[in-house]
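In: Make a model of this:
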Amino acid sequence: KGTMSGRTYGWLPGEQNDAIQQIYQAVMNDTEADTSYRNQFKKAYGVDLEKQNKEEVINLIARAVSDYLRTLKSTRTSPYDKFVQMNGLEIGPAQNESAADFAKRMLARLSDLETKRQLKTTKDFGVTAVEGMKIFFRTEGAGTVGNCVSCHKPPLFTDSSFHNMGVSQSEYDRIHGEGSFAALTIPNAAEASRPSAKFRETPSSGKPGYVDLGFWNFVDVADSPLRRAAESKEQFLERMTATFKTPTLRNLTYSQPYMHNGAFHSLDSVLNELMRLSDLARAGRVRQADEGLAAIKISLSDTRPLIVFLNALNEDLQ
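Out: Below is the predicted model of the structure:
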(Lines give C-alpha, C1' and ligand atoms only; values in the text may rest on other atoms or scores of the structure.)
Protein backbone atom coordinates (compact mmCIF):
# COMPACT_ATOMS: atom_id res chain seq x y z
CA LYS A 1 0.00 0.00 0.00
CA GLY A 2 2.88 2.29 0.80
CA THR A 3 4.40 1.67 -2.61
CA MET A 4 1.20 2.40 -4.52
CA SER A 5 0.55 5.59 -2.59
CA GLY A 6 4.11 6.77 -2.17
CA ARG A 7 7.11 8.34 -3.81
CA THR A 8 7.93 5.46 -6.15
CA TYR A 9 4.61 6.06 -7.93
CA GLY A 10 5.26 9.78 -8.13
CA TRP A 11 3.09 10.95 -5.24
CA LEU A 12 4.37 13.99 -3.40
CA PRO A 13 4.61 14.51 0.37
CA GLY A 14 1.13 14.71 1.90
CA GLU A 15 -0.66 13.16 -1.11
CA GLN A 16 -1.11 9.64 0.27
CA ASN A 17 -4.85 10.04 0.81
CA ASP A 18 -5.26 11.35 -2.74
CA ALA A 19 -3.38 8.32 -4.03
CA ILE A 20 -5.56 5.89 -2.07
CA GLN A 21 -8.70 7.62 -3.36
CA GLN A 22 -7.52 7.40 -6.96
CA ILE A 23 -6.71 3.69 -6.63
CA TYR A 24 -10.10 3.05 -5.05
CA GLN A 25 -11.99 4.92 -7.78
CA ALA A 26 -10.03 3.22 -10.56
CA VAL A 27 -11.16 -0.16 -9.28
CA MET A 28 -14.72 0.72 -8.33
CA ASN A 29 -15.46 2.70 -11.52
CA ASP A 30 -14.35 -0.09 -13.85
CA THR A 31 -17.54 -1.27 -15.56
CA GLU A 32 -16.24 -3.55 -18.32
CA ALA A 33 -18.70 -6.43 -18.47
CA ASP A 34 -16.49 -9.52 -18.20
CA THR A 35 -13.08 -8.12 -17.36
CA SER A 36 -13.96 -5.58 -14.69
CA TYR A 37 -11.99 -5.47 -11.49
CA ARG A 38 -15.19 -6.39 -9.66
CA ASN A 39 -15.53 -9.62 -11.62
CA GLN A 40 -11.86 -10.43 -11.30
CA PHE A 41 -11.85 -9.97 -7.52
CA LYS A 42 -15.02 -12.05 -7.29
CA LYS A 43 -13.40 -14.83 -9.30
CA ALA A 44 -10.05 -14.72 -7.47
CA TYR A 45 -11.17 -14.14 -3.87
CA GLY A 46 -14.92 -14.71 -3.80
CA VAL A 47 -15.47 -11.14 -2.64
CA ASP A 48 -18.07 -8.57 -3.73
CA LEU A 49 -16.27 -5.22 -3.82
CA GLU A 50 -19.55 -3.35 -3.45
CA LYS A 51 -19.90 -4.82 0.04
CA GLN A 52 -16.43 -3.70 1.14
CA ASN A 53 -15.45 -0.34 2.56
CA LYS A 54 -12.59 1.64 1.07
CA GLU A 55 -9.94 0.27 3.44
CA GLU A 56 -11.02 -3.31 2.73
CA VAL A 57 -10.84 -2.71 -1.02
CA ILE A 58 -7.36 -1.20 -0.77
CA ASN A 59 -6.23 -4.16 1.34
CA LEU A 60 -7.57 -6.55 -1.29
CA ILE A 61 -5.71 -4.68 -4.03
CA ALA A 62 -2.47 -4.89 -2.06
CA ARG A 63 -3.08 -8.59 -1.43
CA ALA A 64 -3.72 -9.25 -5.12
CA VAL A 65 -0.53 -7.50 -6.23
CA SER A 66 1.46 -9.30 -3.52
CA ASP A 67 0.03 -12.68 -4.56
CA TYR A 68 1.06 -11.99 -8.15
CA LEU A 69 4.58 -10.87 -7.21
CA ARG A 70 5.16 -14.10 -5.29
CA THR A 71 4.76 -16.04 -8.54
CA LEU A 72 7.72 -14.28 -10.18
CA LYS A 73 10.47 -16.86 -9.85
CA SER A 74 13.91 -16.71 -11.41
CA THR A 75 14.61 -19.52 -13.86
CA ARG A 76 18.33 -19.12 -13.07
CA THR A 77 19.21 -19.40 -16.74
CA SER A 78 21.30 -16.23 -16.93
CA PRO A 79 24.81 -16.32 -18.43
CA TYR A 80 26.14 -16.24 -14.86
CA ASP A 81 24.12 -19.31 -13.86
CA LYS A 82 25.36 -21.19 -16.92
CA PHE A 83 28.95 -20.15 -16.16
CA VAL A 84 28.65 -21.42 -12.57
CA GLN A 85 27.19 -24.72 -13.70
CA MET A 86 29.74 -25.16 -16.49
CA ASN A 87 32.66 -24.70 -14.08
CA GLY A 88 31.25 -26.75 -11.23
CA LEU A 89 31.03 -23.76 -8.90
CA GLU A 90 28.70 -23.61 -5.91
CA ILE A 91 25.55 -21.56 -6.36
CA GLY A 92 25.64 -20.00 -2.90
CA PRO A 93 26.94 -20.20 0.66
CA ALA A 94 26.67 -23.40 2.65
CA GLN A 95 24.33 -23.41 5.63
CA ASN A 96 25.55 -20.94 8.28
CA GLU A 97 28.43 -19.83 6.04
CA SER A 98 28.95 -16.09 5.83
CA ALA A 99 28.89 -14.29 2.51
CA ALA A 100 32.51 -13.26 3.04
CA ASP A 101 33.68 -16.83 3.61
CA PHE A 102 31.74 -18.05 0.60
CA ALA A 103 33.28 -15.28 -1.50
CA LYS A 104 36.79 -16.33 -0.45
CA ARG A 105 36.09 -19.89 -1.47
CA MET A 106 34.62 -18.75 -4.79
CA LEU A 107 37.63 -16.55 -5.58
CA ALA A 108 40.05 -19.33 -4.62
CA ARG A 109 38.22 -21.74 -6.90
CA LEU A 110 38.32 -19.27 -9.79
CA SER A 111 42.04 -18.74 -9.25
CA ASP A 112 42.67 -22.48 -9.19
CA LEU A 113 40.76 -23.05 -12.43
CA GLU A 114 42.62 -20.19 -14.11
CA THR A 115 46.01 -21.47 -12.94
CA LYS A 116 45.17 -24.89 -14.37
CA ARG A 117 43.78 -23.25 -17.54
CA GLN A 118 40.52 -25.06 -16.91
CA LEU A 119 38.18 -22.06 -16.51
CA LYS A 120 35.44 -22.23 -19.13
CA THR A 121 33.93 -19.02 -20.48
CA THR A 122 31.29 -18.27 -23.09
CA LYS A 123 30.40 -15.47 -25.45
CA ASP A 124 27.91 -14.16 -22.86
CA PHE A 125 30.24 -14.64 -19.89
CA GLY A 126 33.75 -13.86 -21.03
CA VAL A 127 36.98 -12.54 -19.56
CA THR A 128 35.54 -9.13 -18.67
CA ALA A 129 32.60 -10.70 -16.83
CA VAL A 130 35.03 -12.88 -14.87
CA GLU A 131 37.01 -9.78 -13.89
CA GLY A 132 33.80 -8.08 -12.78
CA MET A 133 32.86 -11.18 -10.81
CA LYS A 134 36.16 -11.04 -8.94
CA ILE A 135 35.59 -7.39 -8.02
CA PHE A 136 32.04 -8.22 -6.95
CA PHE A 137 33.16 -11.08 -4.68
CA ARG A 138 36.25 -9.41 -3.21
CA THR A 139 35.54 -8.28 0.37
CA GLU A 140 38.99 -7.27 1.58
CA GLY A 141 42.48 -6.38 0.46
CA ALA A 142 44.62 -3.37 -0.40
CA GLY A 143 43.51 -3.26 -4.02
CA THR A 144 40.11 -3.14 -5.68
CA VAL A 145 37.33 -4.32 -3.38
CA GLY A 146 33.71 -4.31 -4.55
CA ASN A 147 32.34 -5.89 -1.36
CA CYS A 148 29.08 -6.29 -3.27
CA VAL A 149 28.61 -9.90 -2.13
CA SER A 150 28.29 -8.80 1.50
CA CYS A 151 24.73 -7.64 0.83
CA HIS A 152 24.03 -9.26 -2.55
CA LYS A 153 24.92 -12.88 -1.94
CA PRO A 154 24.09 -15.58 -4.50
CA PRO A 155 21.98 -17.25 -5.61
CA LEU A 156 19.30 -14.59 -5.01
CA PHE A 157 21.85 -11.76 -4.97
CA THR A 158 20.24 -10.25 -1.89
CA ASP A 159 20.54 -10.93 1.82
CA SER A 160 16.92 -9.78 2.32
CA SER A 161 18.19 -7.52 5.07
CA PHE A 162 18.38 -3.74 5.54
CA HIS A 163 21.33 -1.40 5.04
CA ASN A 164 22.11 2.31 5.04
CA MET A 165 24.17 3.09 1.95
CA GLY A 166 23.92 6.85 2.41
CA VAL A 167 21.34 7.43 -0.32
CA SER A 168 18.80 9.18 1.93
CA GLN A 169 21.52 11.44 3.29
CA SER A 170 22.70 12.27 -0.21
CA GLU A 171 19.16 13.08 -1.33
CA TYR A 172 18.47 15.24 1.73
CA ASP A 173 21.76 17.14 1.52
CA ARG A 174 21.22 17.94 -2.15
CA ILE A 175 18.08 19.83 -1.15
CA HIS A 176 19.12 21.38 2.15
CA GLY A 177 22.91 21.61 1.91
CA GLU A 178 25.91 19.51 2.83
CA GLY A 179 25.77 18.32 6.44
CA SER A 180 22.02 18.91 6.84
CA PHE A 181 21.20 15.23 7.30
CA ALA A 182 23.93 14.86 9.91
CA ALA A 183 22.36 17.72 11.88
CA LEU A 184 18.80 16.42 11.53
CA THR A 185 17.00 15.73 14.81
CA ILE A 186 15.73 12.15 14.82
CA PRO A 187 13.77 10.99 17.89
CA ASN A 188 15.07 8.10 19.96
CA ALA A 189 13.28 4.81 20.58
CA ALA A 190 11.49 6.07 23.69
CA GLU A 191 10.16 9.21 21.99
CA ALA A 192 9.63 8.13 18.39
CA SER A 193 6.12 7.64 17.04
CA ARG A 194 6.55 5.22 14.17
CA PRO A 195 5.79 5.03 11.33
CA SER A 196 6.16 8.77 10.97
CA ALA A 197 4.76 10.69 8.01
CA LYS A 198 7.58 13.17 8.47
CA PHE A 199 10.21 10.46 8.10
CA ARG A 200 8.65 8.67 5.14
CA GLU A 201 8.73 11.51 2.65
CA THR A 202 10.66 12.79 -0.33
CA PRO A 203 12.83 15.73 0.78
CA SER A 204 11.66 19.10 -0.54
CA SER A 205 12.90 22.65 -0.06
CA GLY A 206 9.58 23.73 1.47
CA LYS A 207 9.65 21.07 4.18
CA PRO A 208 12.95 20.97 6.05
CA GLY A 209 13.14 17.97 8.33
CA TYR A 210 11.06 15.75 6.06
CA VAL A 211 13.07 12.77 4.83
CA ASP A 212 12.77 9.04 4.14
CA LEU A 213 14.33 7.02 6.96
CA GLY A 214 13.21 3.71 5.48
CA PHE A 215 13.02 0.69 7.80
CA TRP A 216 13.55 2.97 10.81
CA ASN A 217 9.81 3.55 10.58
CA PHE A 218 8.82 -0.10 10.91
CA VAL A 219 11.50 -2.17 12.66
CA ASP A 220 10.49 -3.94 15.88
CA VAL A 221 13.13 -2.62 18.28
CA ALA A 222 12.24 -5.23 20.91
CA ASP A 223 12.22 -8.47 18.96
CA SER A 224 13.88 -7.91 15.58
CA PRO A 225 16.42 -10.62 14.67
CA LEU A 226 18.58 -7.79 13.32
CA ARG A 227 19.21 -6.48 16.82
CA ARG A 228 22.67 -7.43 18.03
CA ALA A 229 23.59 -8.95 21.37
CA ALA A 230 24.01 -6.31 24.07
CA GLU A 231 22.60 -3.64 21.73
CA SER A 232 20.03 -1.43 23.46
CA LYS A 233 16.76 -0.45 21.81
CA GLU A 234 18.09 3.08 21.45
CA GLN A 235 21.29 1.93 19.79
CA PHE A 236 19.45 -0.46 17.51
CA LEU A 237 16.91 2.08 16.30
CA GLU A 238 19.68 4.59 15.70
CA ARG A 239 21.54 2.01 13.60
CA MET A 240 18.38 1.45 11.55
CA THR A 241 18.40 5.09 10.41
CA ALA A 242 17.83 5.33 6.64
CA THR A 243 18.11 1.58 6.08
CA PHE A 244 16.39 -0.01 3.10
CA LYS A 245 15.90 -3.59 2.02
CA THR A 246 18.56 -5.04 -0.24
CA PRO A 247 17.14 -5.52 -3.76
CA THR A 248 18.10 -8.47 -5.91
CA LEU A 249 20.62 -7.74 -8.65
CA ARG A 250 19.08 -10.26 -11.01
CA ASN A 251 17.43 -8.86 -14.14
CA LEU A 252 18.52 -5.29 -13.53
CA THR A 253 17.94 -4.44 -17.17
CA TYR A 254 14.22 -4.74 -16.46
CA SER A 255 14.09 -2.96 -13.11
CA GLN A 256 15.55 0.53 -13.52
CA PRO A 257 15.42 3.21 -12.12
CA TYR A 258 17.58 2.10 -9.22
CA MET A 259 17.87 2.69 -5.46
CA HIS A 260 14.88 3.17 -3.19
CA ASN A 261 14.23 6.67 -4.50
CA GLY A 262 14.52 5.80 -8.20
CA ALA A 263 17.10 8.55 -8.63
CA PHE A 264 19.51 6.56 -10.78
CA HIS A 265 18.70 5.49 -14.31
CA SER A 266 21.89 3.63 -15.19
CA LEU A 267 24.29 1.23 -13.51
CA ASP A 268 27.09 3.72 -14.23
CA SER A 269 25.33 6.36 -12.14
CA VAL A 270 24.73 3.90 -9.29
CA LEU A 271 28.37 2.85 -9.16
CA ASN A 272 29.58 6.43 -9.34
CA GLU A 273 27.37 7.35 -6.39
CA LEU A 274 28.57 4.34 -4.41
CA MET A 275 32.16 5.37 -5.05
CA ARG A 276 31.41 8.85 -3.71
CA LEU A 277 29.48 7.61 -0.69
CA SER A 278 32.08 4.98 0.21
CA ASP A 279 34.73 7.72 0.26
CA LEU A 280 32.51 9.74 2.61
CA ALA A 281 31.90 6.69 4.80
CA ARG A 282 35.63 6.10 5.21
CA ALA A 283 35.92 9.71 6.30
CA GLY A 284 33.15 9.19 8.86
CA ARG A 285 30.80 11.55 7.05
CA VAL A 286 27.81 9.24 6.41
CA ARG A 287 25.43 9.19 9.35
CA GLN A 288 24.93 5.62 10.61
CA ALA A 289 26.54 4.22 7.47
CA ASP A 290 26.38 0.48 6.99
CA GLU A 291 29.73 -1.07 7.87
CA GLY A 292 29.99 -2.52 4.38
CA LEU A 293 29.85 0.89 2.68
CA ALA A 294 33.34 1.94 3.77
CA ALA A 295 34.71 -1.39 2.57
CA ILE A 296 33.82 -0.58 -1.06
CA LYS A 297 37.01 0.51 -2.83
CA ILE A 298 36.47 0.77 -6.56
CA SER A 299 37.54 3.24 -9.23
CA LEU A 300 36.20 4.32 -12.59
CA SER A 301 38.21 1.60 -14.32
CA ASP A 302 36.29 -1.01 -12.32
CA THR A 303 32.84 0.08 -13.45
CA ARG A 304 32.96 -1.55 -16.90
CA PRO A 305 33.80 -5.09 -15.70
CA LEU A 306 31.30 -4.76 -12.85
CA ILE A 307 28.54 -3.70 -15.24
CA VAL A 308 29.42 -6.53 -17.64
CA PHE A 309 29.11 -8.95 -14.72
CA LEU A 310 25.83 -7.45 -13.54
CA ASN A 311 24.39 -7.65 -17.05
CA ALA A 312 25.29 -11.34 -17.04
CA LEU A 313 22.67 -11.77 -14.30
CA ASN A 314 19.92 -10.90 -16.77
CA GLU A 315 17.66 -13.68 -18.01
CA ASP A 316 15.93 -13.64 -21.37
CA LEU A 317 12.48 -12.50 -20.28
CA GLN A 318 11.28 -11.41 -23.72
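In: ok, now how distant is the closest residue to residue 147 other than its chain neighbours from residue 151?
Out: Once flanking residues are discounted, residue 147 sits nearest to residue 295: 4.3 Å by C-beta to C-beta, 6 or more residues apart in numbering. Heads up, the C-betas are built off the backbone N, CA and C, glycines and all. Between residue 295 and residue 151 the computed distance is 11 Å (C-beta to C-beta, to the nearest Å).
In: Just want to know which of the two has more residues nearby.
Out: residue 151 (21 against 18; other C-beta atoms under 10 Å).
In: List the residues that contact the more buried one.
Out: Applying C-beta atoms under 8 Å, 6 or more residues apart in numbering, we find residue 151 in contact with 99, 158, 159, 161, 163, 246, 290, 292.
In: same check, this time on residue 74
Out: 156, 250, 251, 315.
In: Kindly indicate whether it is helix, strand or coil.
Out: coil (DSSP: H, G, I helix; E, B strand; the rest coil).
In: Surely residue 275 is in a helix?
Out: Yes - assignment of residue 275 by three-state DSSP places it within a helix.
In: May I see the buried residues of stretch 302-311?
Out: Going by neighbour count (16 or more other C-beta atoms under 10 Å), the buried part of stretch 302-311 is 302, 303, 305, 306, 307, 308, 309, 310, 311.
In: Tell me where this protein has strands.
Out: 162-163, 244-245 (DSSP state E).
In: which helices and strands sit right next to the last one?
Out: Right, strand 244-245. Counting contacts by 3 or more C-beta pairs under 8 Å, 6 or more residues apart in numbering; DSSP states H and E, strand 244-245 packs against strand 162-163.
In: Paired strands for the strand it packs on, with orientation please.
Out: strand 244-245 (antiparallel) (DSSP bridges).
In: and the strand it pairs with, average pLDDT?
Out: When pLDDT is averaged over strand 244-245, the result is 96.
In: One more: stretch 200-216?
Out: Across stretch 200-216, the per-residue pLDDT values average to 93.
In: circling back: my guess is the residue nearest to residue 147 meets residue 139, correct?
Out: Yes - shown here, residue 295 and residue 139 form a contact pair, counting by C-beta atoms under 8 Å, at 6.8 Å.
In: Now for these two: what residues contact both?
Out: With C-beta under 8 Å, 6+ apart as the test, residue 295 and residue 139 both reach 145, 147, 150.
In: Scan these and report the most crowded one.
Out: Of the shared contacts of residue 295 and residue 139, with other C-beta under 10 Å as the count, residue 147 tops at 26 neighbours.
In: Would you confirm that that residue contacts residue 296?
Out: Yes - taking contacts as C-beta under 8 Å, residue 147 lies within contact range of residue 296: 5.0 Å.
In: Cheers, nothing more for now.
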